[in-house]
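**Q** this is a predicted model, with the sequence first.
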Amino acid sequence: MPAERTELATVVLCYKASEDVVGAVRSLLDQEQPTEIVVVNSGGGNVEAVLRRAGITVPSLEYAERLYVGAARNRGIDNTTAPFIAFLASDCRACPGWVERRLVRHRAGAGAVASAIANSHPRNLVACAAYIGMFMRRLPGLPETMAIRFGASFDRALFDAFGRFDETVPASEDTEFLKRLPPELQPVWEPDVQTIHLNETRLMRLLIDQFRRGIRYGRDMHRILGKSHARIARDVLRQWRPAQALARAGLDGRDLTYVRLSMPIFWLTLAVKAGGVLVSQWSTDRPRPAASGMTAQ
């Protein structure tokens, strides 16, 4: 998509040329309003070939080494020209209106626009447990006062004024960047901008994923906030109570019913994630796939 025809660039973050990237890029190409697209792939593979087999031709950048998410984001910033910049992980999909609603808020003066998360499998209890566990503060129906401001797009000028994403951390690079912004430049909440995250639908795979997330989360929160690992683990276990309140505020109808039915699985995931947090005090920093940090966020 020619840059001069667009106001929003979208950097698609991919690892090892995952086939998921086809759906992510296609969801952007299907938007009513066009977006400049660049795919940043790290860890090897040939993402251009993957996309070409699907009949898709968009600019892509290939890196044989693994990139942390911040580094992948920065490569995308450097290789796009639109005045506003969004990011999409390869395991996510942009819902209709994703580009248009961001631009409405940016044109109205917002320097950063945060987005909501939709469930990929709203009738699968394992996926519902994953959904409420990872995105309880980004549910589409949440009022602004209850929502966390991630999944943001940014005015390019913010990167000139406040620097780029930290390239040395495995995850939470968006948290670190947002801490640099003054209160008046923090992202606005726009629940009409919705991203679908491809949630896990199999229990064992979900538990393994949550344990690994716990390790990363414990390491990041200890580094960023200075909390002890035991305290971080306790905070994880206490998430069951706000999760129920947030579900009632942010969901309705059958979506809410299925999330409520998934609560026993959700409680199990909290215990497994807390175990990962405790293990993280003995783990070493290792590079993570570029796409892995985008969805929390």
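**A** Perfect, I can see it now. Here the structure is a predicted model, which is why all the values come from computation and not from measurement.
**Q** helices along the stretch 101-250 of the chain, start to end?
**A** Using DSSP state H, counting those that start in this stretch, the helices of the stretch 101-250 of the chain run over 125-135, 156-162, 173-180, 203-225, 229-237, 240-250.
**Q** average pLDDT across the first one?
**A** Pointing back at helix 125-135 there. For helix 125-135, the mean per-residue pLDDT is 97.
**Q** what's next to it, contact-wise?
**A** The contact list for helix 125-135 (Cβ atoms under 8 Å, 6 or more residues apart in numbering) reads 117, 119-122, 197, 199-203, 206, 209-210, 213, 239, 243, 246-247, 258-259, 261-263, 265-266, 268-270, 273, 295-296. To be clear about C-beta, it is placed using only N, CA and C from the backbone, and glycine gets the same treatment.
**Q** next, the angle helix 240-250 makes with that helix.
**A** 100 degrees (axes from the mean of the first three to the mean of the last three Cα atoms, to 10 degrees).
**Q** how far out from the middle of the chain is helix 125-135?
**A** Distance of helix 125-135 from the chain centroid (Cα atoms, centre = their mean, to the nearest Å) equals 14 Å.
**Q** okay, and Phe266 sits in which element?
**A** helix 263-279 (DSSP states H and E).
**Q** okay, buried residues for that helix please.
**A** Going by neighbour count (16 or more other Cβ atoms under 10 Å), the buried part of helix 263-279 is 263, 265-266, 269-270, 272-279.
**Q** could these go into a markdown table alongside pLDDT and distance to Thr81?
**A** Converted to a markdown table, these look like this (pLDDT from 0 to 100; distance: Cβ to Cβ, whole Å):
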| residue | pLDDT | distance to Thr81 |
| --- | --- | --- |
| Met263 | 97 | 46 |
| Ile265 | 98 | 45 |
| Phe266 | 97 | 43 |
| Thr269 | 97 | 41 |
| Leu270 | 97 | 43 |
| Val272 | 97 | 43 |
| Lys273 | 96 | 40 |
| Ala274 | 96 | 44 |
| Gly275 | 96 | 45 |
| Gly276 | 95 | 40 |
| Val277 | 95 | 41 |
| Leu278 | 95 | 46 |
| Val279 | 94 | 43 |
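**Q** closest to Pro183 out of those residues?
**A** Of all those, Val277 has the smallest distance to Pro183: 29.5 Å, by Cβ to Cβ.
**Q** about what we covered before: against which helices or strands is the helix holding Phe266 packed?
**A** Judged by 3 or more Cβ pairs under 8 Å, 6 or more residues apart in numbering; DSSP states H and E, the packing partners of helix 263-279 are helix 125-135, helix 203-225, helix 229-237, helix 240-250.
**Q** run the chain-centre distance for that helix.
**A** 20 Å.
**Q** could you export that helix as PDB, CA atoms only?
**A** What follows is helix 263-279, C-alpha atoms only, in PDB (Å, rounded to 0.1, in the frame of the first residue of the first chain):
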ATOM      1  CA  MET A 263     -13.800 -19.700  35.900                       C
ATOM      2  CA  PRO A 264     -12.500 -23.100  37.300                       C
ATOM      3  CA  ILE A 265     -10.100 -23.300  34.400                       C
ATOM      4  CA  PHE A 266      -9.100 -19.700  35.000                       C
ATOM      5  CA  TRP A 267      -8.300 -20.300  38.600                       C
ATOM      6  CA  LEU A 268      -6.100 -23.200  37.600                       C
ATOM      7  CA  THR A 269      -4.200 -20.900  35.200                       C
ATOM      8  CA  LEU A 270      -3.600 -18.400  38.000                       C
ATOM      9  CA  ALA A 271      -2.000 -21.100  40.100                       C
ATOM     10  CA  VAL A 272       0.200 -22.200  37.200                       C
ATOM     11  CA  LYS A 273       1.200 -18.600  36.300                       C
ATOM     12  CA  ALA A 274       2.000 -17.900  40.000                       C
ATOM     13  CA  GLY A 275       4.300 -21.000  39.900                       C
ATOM     14  CA  GLY A 276       6.000 -19.500  36.900                       C
ATOM     15  CA  VAL A 277       6.500 -16.200  38.700                       C
ATOM     16  CA  LEU A 278       8.300 -18.100  41.600                       C
ATOM     17  CA  VAL A 279      10.500 -20.000  39.200                       C
END
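**Q** pLDDT weak spots in the stretch 151-297 of the chain?
**A** Where the stretch 151-297 of the chain drops to pLDDT under 70, the residues are 283-297.
**Q** redo that, cut-off 80
**A** Scanning the stretch 151-297 of the chain for pLDDT under 80 picks out the ranges 170-171, 223-225, 283-297.
**Q** so which elements touch the helix or strand where Ser27 lies?
**A** Using DSSP H and E, Ser27 falls within helix 20-29. Judged by 3+ Cβ pairs under 8 Å, 6+ apart, helix 20-29 is in contact with strand 8-15, strand 36-42, helix 47-53, strand 84-89, strand 92-94, helix 98-107.
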